[in-house]
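Q: Just the structure for this:
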Amino acid sequence: MSSIWASYFTQNTLRVAPNTPTDTIDISNLNRQFLFRESDVGKPKAEVAAAFVEKRVKGVKITPYVGKIQDKDEDYYMQFKIIVCGLDSIEARRWINSTLAGMVDADDPESLKPLIDGGTEGFKGQSRVILPTLTSCIECQLDMHAPRAAVPLCTIATIPRQPQHCIEWAHQIAWQEKWKDEPFDSDNMEHISWIYGAALERSKQFSIPGVTFQMAQGVVKNIIPAIASTNAIIAASATSEAFKIATSCNPYLESYMMYAGEEGVYTYTFNAEQKPDCPVCGNLARKIEVDPETSLESFIESLGERAEAQLKKPSLRTEEKTLYQRFPPQLEEQTRCNLPLKLRELVSDGQEIAISDPAFAIDFRYKLVFK
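A: Residues are numbered from 1 along each chain as shown. Below you'll find the model as predicted:
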């Protein structure tokens, strides 16, 4: 599921947008995304989905948008009544979640846009209803989506043990050595084929079986396995919630539904907890334990791996001073001298810091607690 669906229910209008400008239909989509046919391969998903639904449901007007959701401003999202997400990354989910929360004006009820999110992974799936600033949001449950553990580069380079290590070697090391001036494109089948061939040779050298083209594609594109029946169940759940919110015919979900297909056709629901220290919908700074002897540079690097943060390009400041500013280059140069300093030299125990990241429109507030 890789699109965001934003609807004007009052005007029978539906707008469809993928979260990446290159989100086109691949042949691997056909077994699990039932709006597409073989003749659609290579076409933008948003345009094909719009045409399919318009043909099937008479009287519905759909305006497809092919581009990144982050390229649209708040005015664009303000026009919709309900946002339905089937995004394929936690980063995109966090962006739309924080954007909708930032749009809420207490004096304007129309500024609150219900967010319905759905996602699947193999036989598992989930859907949820979020009322920005009023209920538990995606950021509240961020630790449920901990980043995938990275394989040490030394393992990939010297002692691969799994077929995935051979593919990562081809992707991260061999490609750069062979094609220095050509950036790798995970949507280019020629590039994927080269990675597969290089990984296969690597696997033979180390007697590691199991490297396949499909695995190579999955590793470099971080493809999550998907099953058509699971997708249909989660899509039906999200659609039902949108219908209930739009018509008030029944109470909507409060606030999370989990589907566990590997255990049979089994679902359960629960009301996810809204956390007072959530950086998006809470009003308290989130506590984060740190070693005071850690350098600022090491702490910044750890923010990308911490389940409760997952910030890739952070800039940090206190009320009194800027600790490190990544952009613009002049400020980066001025604050670079702080990187080797220990945290205890820059902040005190229990002090709050604000962290910004270009991937998000909000600042994240953390309270640093020394171990």
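Q: tell me the SS of residue 177?
A: Following DSSP: H, G, I helix; E, B strand; the rest coil, we place residue 177 in the helix state.
Q: Next one, pLDDT for it please.
A: With respect to pLDDT, residue 177 has a value of 90.
Q: Just give me the neighbour total for it.
A: A count of nearby residues for residue 177, using other CB atoms under 10 Å, gives 8. For glycine as for every other residue, the C-beta is placed from the backbone atoms N, C-alpha and C.
Q: I'd like to know how far it sits from residue 350.
A: According to CB to CB, to the nearest Å, residue 177 and residue 350 sit 48 Å apart.
Q: again, but for residue 235
A: Per CB to CB, residue 235 is found 46 Å from residue 350.
Q: Which one of those two is surrounded by more residues?
A: Between residue 235 and residue 350, counting by other CB under 10 Å, residue 235 is the more crowded of the two (19 against 11).
Q: That one reaches residue 85, doesn't it?
A: No: using CB atoms under 8 Å, residue 235 makes no contact with residue 85, being 11.7 Å away.
Q: Show me where the stretch 101-250 of the chain dips below the pLDDT cut-off.
A: Low-confidence segments of the stretch 101-250 of the chain (pLDDT under 70): 146-152, 224.
Q: same thing but at 50, please
A: For the stretch 101-250 of the chain, not a single residue meets the criterion pLDDT under 50.
Q: can you give me the strands for it?
A: 115-121, 124-130 (DSSP state E, counting those that start in this stretch).
Q: Quick check: which of these is nearest to residue 220?
A: With CB to CB as the criterion, residue 220 lies closest to strand 115-121 of the strands of the stretch 101-250 of the chain, at 18.3 Å.
Q: counting contacts, what elements does that closest one pack onto?
A: Where contact means 3 or more CB pairs under 8 Å, 6 or more residues apart in numbering; DSSP states H and E, strand 115-121 is packed against strand 82-86, helix 90-103, strand 124-130, helix 228-247.
Q: Generate a markdown table for the ones you listed, with distance to residue 26 as supplementary columns.
A: Formatted as a markdown table, the helices and strands packed on strand 115-121 follow (distance: least, CB to CB, whole Å):
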| stretch | distance to residue 26 |
| --- | --- |
| strand 82-86 | 16 |
| helix 90-103 | 18 |
| strand 124-130 | 21 |
| helix 228-247 | 15 |
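Q: What count of nearby residues applies to residue 127?
A: So residue 127, with other CB under 10 Å, has 29 neighbours.
Q: ok, it touching residue 236?
A: No: Residue 127 lies out of contact with residue 236 (CB under 8 Å); the separation is 9.1 Å.
Q: what's around residue 23, how many residues?
A: For residue 23, the neighbour count with other CB under 10 Å is 19.
Q: er, residue 329 actually
A: So residue 329, with other CB under 10 Å, has 9 neighbours.
Q: Could you do residue 67 as well?
A: If you count neighbours by other CB under 10 Å, residue 67 ends up with 15.
Q: per-residue pLDDT, it?
A: For residue 67, pLDDT reads 87.
Q: Quick check: it vs residue 262, distance?
A: Taking CB to CB, one finds residue 67 at 36 Å from residue 262.
Q: who touches stretch 277-291?
A: 97-98, 101, 132-140, 274-276, 299, 306, 308-309, 343, 352, 362-371 (CB atoms under 8 Å, 6 or more residues apart in numbering).
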